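# Turn this into a model:
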Amino acid sequence: MIYLVRHGETEWNRTGRTQGQLDSPLTERGQAQARAVGETPAELTNGANGLALVAIPLGRAMATATIIAEALGSLNIATDARLMEMSWGE
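Numbering: from 1, shown residues only. Predicted structure coming up:
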């Protein structure tokens with residue numbers, strides 16, 4: 001099974017600003033969203049057994065992945081830049 005998760009709410013999401021490949025920190029709500037996401041796979045799989053966690057190498061995604069990993073029992077996080085948003089310029 002594959003779980004595809006978008007990062008939690010960021011400061012820029014809250015103000016309607018486009019982020020693209022730029023970065024903005026998670027809000028408290030975004031952190032809570034990540035914790036809630038981490039609880040679901042933990043309930044379905046009895047922890048992190050057999051799960052792999054991959055994130056894009058941006059702060060908002062890594063912060064979300066870290067919170068999810070903690071909920072799953074400190075699962076390692078791999079990064080893959082191929083999953084990043086496309087950059088089309090200004």
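# any weak-confidence spans in the chain?
Confidence mapping of the chain against pLDDT under 70 gives the ranges 41-50, 74, 87-90.
# Could you pull out the strands in it for me?
53-55, 77-79 (DSSP state E).
# strands paired with the last one, and their directions?
This points to strand 77-79. Using DSSP bridges, the strands paired with strand 77-79 in its sheet are strand 53-55 (parallel).
# The partner strand: how far from the chain's middle?
8 Å (CA atoms, centre = their mean, to the nearest Å).
# what about the nearest residue to residue 10 once chain neighbours are set aside, how many residues close to it?
In this structure, residue 10 finds its nearest non-sequential neighbour in residue 24, 4.0 Å apart by CB to CB, 6 or more residues apart in numbering. For every residue, glycine as well, the C-beta is placed using N, CA and C. Neighbourhood size, residue 24 [other CB atoms under 10 Å]: 19.
# Let's have the strands of the chain in a markdown table, adding mean neighbour count.
Putting these into a markdown table (neighbours: other CB atoms under 10 Å) gives the following:
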| stretch | mean neighbour count |
| --- | --- |
| strand 53-55 | 17 |
| strand 77-79 | 14 |
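# any chance of those in JSON lines, with distance to residue 85 too?
Listed next are these as JSON lines, based on distance: least, CB to CB, whole Å:
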{"stretch": "strand 53-55", "distance to residue 85": "13"}
{"stretch": "strand 77-79", "distance to residue 85": "15"}
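# nearest to residue 31, of these?
Nearest to residue 31 among the strands of the chain is strand 53-55 (15.1 Å), distances taken as CB to CB.
# Give me the contacts around that closest one.
Residues from elsewhere that reach strand 53-55 (CB atoms under 8 Å, 6 or more residues apart in numbering): 61-62, 64-65, 68-69, 72, 75-80, 83.
# Would you mind checking these for buried ones?
Neighbour-count burial (16 or more other CB atoms under 10 Å) is assigned, among the contacts of strand 53-55, to 61, 62, 64, 65, 68, 69, 72, 75, 77, 79.
# Nice, that's everything, thank you.
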